[in-house]
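*Asks:* Sharing a model prediction with you, sequence too.
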Amino acid sequence: MGEPLSNTELSPSKTLDPTNGPDSILDSNLTAPQDAQLNPENHDVVSTAKRKRDDERSLHPLWKTSLCSYFRSHNASCSHGGACRYAHGEEELRPRPDNTWDPTSKRAKKALEAEADEKRAVSEDVMMTEAVVDGGDDDDGSGSNRALSKCLGVPFKFAKKKKGMMIGFVTFEDEEQMKSSSKDLDGKTIGNKKIKVADVIPRSFKKKSSANTRNVRDAVTPLAHMAYADQLEQKKSSLMQILKKLTRNARKACPNGVSLPEWILKSREIGGLPCKLEGIIASPIVNGYRNKCEFSVGYSLEGKVTVGFMLGNFREGVTAVGEAVDCPNVSTIACKYATIFQEFLQHSDLPVWNRFKNTGFWRQLTVREGRTNGNVVDAEAFGGIAEVMLIVQVSSASFDDAKVAAEFKRLSQAFVAGATSHCPSLPLTETDHQGISNVAPADAPLQLLPIRKAVGVPEMDENTNAMDVRIHDYINNLRFSISPTAFFQVNTLAAEKLYSLAGDWACLGPDTLLFDVCCGTGTIGLTLAHRVGMVIGIEMNASAVCDAHRNAEINGIKNVRFICAKAEDVMGSLLMEYLNMTKEQVDDPNISGKTKNSEMASRSENNNTEVGSEVQKSSTPENGNTSMQQFKNVVAIVDPPRAGLHPTVIKALRTHPGLRRLVYISCNPESLVANAIELCTPSPAKIEKGNKDNRGWRNMSSAGLARHRAKSMPISEAFHPVKAMAVDLFPHTPHCELVMLFER
Ligand SMILES: C[S@@+](CC[C@H](N)C(=O)[O-])C[C@H]1O[C@@H](n2cnc3c(N)ncnc32)[C@H](O)[C@@H]1O
């Protein structure tokens, strides 16, 4: 296949369908007679009305396609009940015959937003560097390209569109064909999409190479242009907006006939917030704070092999990579190793990864740094950094072993040669990952590459297993050993503040049993272990759990137990095990939380041997002083990934009444809010038969889904939000950690 003569972007964009107002399209005869519906004695009338309703439902295309405004403004009640022709809530809402949604509904707003995003993306520049540098016009076998070729209806050489992307590529035979076909294609409608034609790399970018660094900085650290104090203010106000969703959604989800909880009533006094947002804790260091950077390998806008960050989103057609030299969150040392790797790749015999075709060898470089204890890392110099771990991610499947081994050897030499004398030691690990996403799974194969060290640095044993390679850092004077795939907060000094805050809010004491849910390498539980009776850590990444055990050992901490499992698989049974309750007791809504707590304490006194021995086995073989009756205070600190806690974990935490306090640490306030809706929405007096109609859940917002789930939560005492505080671990970016205390 020859060089593409010219590439042109195809960008289909949706057109807005006209929507009709609900009043103009609904037939007033649709509602069943209200008196018949309200007279349960009159079965004949009721069944006739029901039949009529059923008929109408099956016949009338507009049934429940508009939201009932009466239901909305009267605290989720409407005298028409189930017979109302309008939808009672988003869950009941059906799409209109023209496939649009009631314009006042969440779904319509979401669709509009998506449409706006799509339009924005279309009007933004496509920077698909692979398509220019490396062709990108061969069929992936999916048949989608043949289909695309058919529907274009203009002469061209190749056409390709990748699944999930909003853009496609067309290559023409010559300039003349490109001009005439582009003219015919631009603005053409296919289905309900309109095609926009643009250059693959905008001409303005080709000319201005200075745009490169400026845009990496904007893409990775979009707040860097602001003073740090202003960044904090901005984060605080955006968190407030997100937190208000908790109040709104819990109010909406509050069952009929149940009074609104105190915290919702009081929210009016604090501007609709579910509780006070007490403030935002600043990061102790603002520049070069990241102890871990994942650099992509790809092509710059000028077509140069580059190790850095992507300038935008793959789906929107941006794969160009820019050097990280101007990103203030990246340390000098990380930048240095990215540059060494980039120089090495200019002469490598193996190709860089092509995101468009999913082929190539070199994919990613991760640089992890470990500090010495008590040192504030100086981002400019290398002071305070004791170790560096380099992880190179490759996809080796279709390459010759001998060639790969030779390249790895050259790479090791390049890193050592590039490192200056003051660079810390360099364990080099290779991850082999064939998947499409750049995120290699935690169990992707690892191989340790031997590195000949600079003078004065101890040599690494060539027989060392890659799984034994670890980097070290310190939190609250405890030493943490971290394996290559284990999670560790990227801003260690700010993480110290985060964990201390969570500990302070958890009201810990010697009688506390602390569940550290999603515990990673054990950071939270281990730093708080001296303040509690016992810690139970739950984590699904096996390497991280090994690290947690090792970290307990090297810090001499004994009152901990770490469990390698998905929290959703073990949370319920662990709570029952440690709260010493049967499933029947937990499920019994007639036993209140307090009664259950005292019952639990007395049962554990009587049952000491059984439970005590389990505790002793796992944690305190010497003093054996962690018997169940000590644990009058059961607390969970949860620190889940961005998606939040699994619904099964939420259900377990909510329905075990012995758990009175929960501290939620979140890197994604949207998922915290969704989980909190389920934790805090009051139970109805009696569970109604669940609405099993899950059609449309894909279109629901996370809050809408949470409301939906809250309906089927077993009857249980709800938590209430007590206070919230933000901790900034990610200066110059919009991200921030949020800590929230829930009690009941
Ligand atoms: C945000 S990290 C927090 C780790 C730890 N608390 C810390 O601060 O170092 C989330 C952790 O949850 C783990 N994780 C993700 N899904 C999980 C699940 N379903 N069950 C248990 N752990 C999970 C991840 O492996 C990761 O270590």
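*Replies:* Okay, I see it.
*Asks:* Count the residues that sit near Pro734.
*Replies:* Look at Pro734: counted by other C-beta atoms under 10 Å, it has 12 neighbours. The C-beta positions use only the backbone N, C-alpha and C, and glycine is treated the same way.
*Asks:* what pLDDT does it get?
*Replies:* In this model, Pro734 is scored at 96, pLDDT.
*Asks:* ok, now which ones touch it?
*Replies:* By C-beta atoms under 8 Å, 6 or more residues apart in numbering, the contact set of Pro734 is Pro222, Leu223, Gln234, Lys235, Ser238.
*Asks:* For the last one, which residues are in contact?
*Replies:* Contact analysis of Ser238 by C-beta under 8 Å, 6+ apart lists Pro734.
*Asks:* Strands along the stretch 51-200 of the chain, start to end?
*Replies:* With DSSP state E, counting those that start in this stretch as the criterion, the stretch 51-200 of the chain has strands at 158-161, 168-171, 189-190, 193-199.
*Asks:* Among those, show me which one is buried the most.
*Replies:* strand 168-171 (a mean of 24; mean count of other C-beta atoms under 10 Å).
*Asks:* on that earlier part again, of the strands of the stretch 51-200 of the chain, which approaches the ligand most closely?
*Replies:* strand 158-161 (33.6 Å; C-beta to the nearest ligand atom).
*Asks:* List the beta-bridge partners for the nearest residue to Ile391 once chain neighbours are set aside.
*Replies:* Setting aside the residues directly before and after it, Ile391 is nearest to Thr366 in space (C-beta to C-beta, 6 or more residues apart in numbering), at 4.0 Å. Taking DSSP bridges as the rule, Thr366 bridges to Glu294, Ile391.
*Asks:* For Thr366, which residues are in contact?
*Replies:* When contacts are taken as C-beta under 8 Å, 6+ apart, Thr366 is in contact with Lys292, Cys293, Glu294, Phe295, Met389, Leu390, Ile391, Val392, Gln393, Pro484.
*Asks:* Which residues are in contact with the first one?
*Replies:* For Lys292, the contacting residues are Thr366, Val367, Arg368, Glu369, Phe488, Val490, taking C-beta under 8 Å, 6+ apart as the criterion.
*Asks:* any idea which of those residues has the most stuff around it?
*Replies:* Counting neighbours by other C-beta under 10 Å, Glu369 leads the contacts of Lys292 with 26 neighbours.
*Asks:* returning to what we had before: now, which of the contacts of Pro734 lie within strands?
*Replies:* Per DSSP state E, strands hold no members of these.
*Asks:* any chance you could map the helices in the stretch 501-650 of the chain?
*Replies:* 523-528, 542-554, 567-579, 583-587, 593-606, 608-618, 647-655 (DSSP state H, counting those that start in this stretch).
*Asks:* Mind listing what's buried along the third one?
*Replies:* When you say that, I think you mean helix 567-579. For helix 567-579, a neighbour-count test (16 or more other C-beta atoms under 10 Å) marks Ala567, Glu568, Val570, Met571, Gly572, Leu574, Leu575, Met576, Tyr578, Leu579 as buried.
*Asks:* Now do that helix against helix 647-655, angle only.
*Replies:* 20 degrees (axes from the mean of the first three to the mean of the last three C-alpha atoms, to 10 degrees).
*Asks:* what's the farthest-apart pair in the buried residues of helix 567-579?
*Replies:* Farthest apart among the buried residues of helix 567-579 by C-beta to C-beta are Glu568 and Leu579. That separation is 18.1 Å.
*Asks:* so who does Val330 touch?
*Replies:* Gly288, Arg290, Cys293, Ala324.
*Asks:* about what we covered before: just send the contacts of Lys292 back as CSV, with pLDDT and distance to Asn477 too.
*Replies:* Below are the contacts of Lys292 laid out as CSV (pLDDT from 0 to 100; distance: C-beta to C-beta, whole Å):
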residue, pLDDT, distance to Asn477
Thr366, 92, 27
Val367, 91, 25
Arg368, 90, 21
Glu369, 88, 19
Phe488, 96, 16
Val490, 96, 20
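*Asks:* taking those as a set, which two sit the farthest apart in space?
*Replies:* Taking C-beta to C-beta, the two most distant members of those are Val367 and Phe488; they sit 13.3 Å apart.
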